[in-house]
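Asks: Based on what follows, work out the 3D shape:
(one chain, ligands or ions: 1)
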Amino acid sequence: MRTTVPRWLLATTGILAAWVLPAADRPTAHAAEPAAAKLIPVTAEAIAGREKSLAENAPEGAKLLAYLDCGSQQQSTTGKEVTIVCLAGVPYRFPSEAKDVLPSQSTVFYSTAEVPFRIDGLKRSERYVVGLSWWDYDNGGRTQSVVTGSPDGRLVRLAIPAIGLPNYTDAGQLPVERRFPLSVAFVRDGQLRLTVKQVTGANVVISELWIWGLGAGE
Ligand SMILES: [Ca+2]
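Replies: A predicted model of the protein is given here:
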């Protein structure tokens with residue numbers, strides 16, 4: 001006899017396992033580590049290739065400072081000046097057979113309400129542009145927003161207003177990139193919080209996150 005487990009139950013179990021199990025044995029000093037144990041493998045060559053592409057497609061005069069392949073990297077390895085760390089999120093790979101989709105866009109961090117990141121090494125005298133990619137592969141009705149703010153999360157600014165993600169399953173849409181100027185007003189000790197937030201849909205997902213530096217501000 002074959003037993004079929006409902007899809008919603010699988011999803012629920014996955015979320016519980018990701019949030020409950022690692023918490024039992026994780027060192028309190030390393031709150032970001034639970035997801036690290038489940039990261040989807042990626043090669044250094046693949047990361048370097050994507051970084052090269054983003055560097056070549058940067059806004060005029062901009063330099064790629066940090067790139068994070070969500071789902072496969074907990075912390076960026078691009079350079080030491082600016083770094084991105086995912087603070088909480090469950091790695092997952094959409095089973096994509098779609099053409100023209102980068103492997104880094106099929107892998108995501110997801111969560112039930114938000115996926116927060118910490119950015120380190122920012123200077124209030126510099127200008128930056130944030131880029132990200134995301135995809136509602138299985139048409140989970142995902143609408144998301146992005147806020148940036150102080151490391152303690154008390155001061156926030158809306159960076160990307162609520163917007164529906166492209167869905168592949170029913171509309172054949174591919175992942176999209178978004179970019180926006182990063183406000184440094186709430187940077188404290190070089191740190192800023194960036195959070196992808198769920199507005200509607202199954203959960204919140206993000207495929208990639210990166211930062212270009214534009215040099216000194218006005
Ligand atoms: Ca990814």
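Asks: give me every residue that touches whichever residue of the chain sits closest to the ion.
Replies: Relative to the ion, the nearest point of the chain is Thr107 (3.6 Å; CB to the ion). Bear in mind the C-beta positions are built from the backbone N, C-alpha and C, glycine included. Taking CB atoms under 8 Å, 6 or more residues apart in numbering, we find Thr107 in contact with 40, 42, 69-72, 91-94, 207.
Asks: Drop anything exposed from these.
Replies: 40, 42, 69-72, 91-92, 94, 207 (16 or more other CB atoms under 10 Å).
Asks: Filtering those residues by proximity to the ion, which remain?
Replies: 69-71, 207 (CB under 5 Å from the ion).
Asks: What about those residues, which are in strands?
Replies: The strands, defined by DSSP state E, take in Asp69 from these.
Asks: quick one: which of the ones next to the ion among the buried ones among the contacts of Thr107 is nearest Thr195?
Replies: Each of those was scored against Thr195 by CB to CB, and Cys70 proved nearest at 13.2 Å.
Asks: Could I get the CA-only coordinates of stretch 53-63 as PDB?
Replies: What follows is stretch 53-63 as a C-alpha-only set of coordinates in PDB (Å, rounded to 0.1, in the frame of the first residue of the first chain):
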ATOM      1  CA  SER A  53      28.700  38.400 -14.000                       C
ATOM      2  CA  LEU A  54      27.300  40.800 -11.400                       C
ATOM      3  CA  ALA A  55      30.500  42.900 -11.400                       C
ATOM      4  CA  GLU A  56      30.300  43.200 -15.200                       C
ATOM      5  CA  ASN A  57      26.600  44.200 -15.100                       C
ATOM      6  CA  ALA A  58      27.100  46.700 -12.300                       C
ATOM      7  CA  PRO A  59      25.700  50.200 -12.500                       C
ATOM      8  CA  GLU A  60      28.200  52.600 -14.000                       C
ATOM      9  CA  GLY A  61      31.200  53.100 -11.800                       C
ATOM     10  CA  ALA A  62      30.000  50.600  -9.200                       C
ATOM     11  CA  LYS A  63      32.000  47.700  -7.700                       C
END
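Asks: No further questions, thank you.
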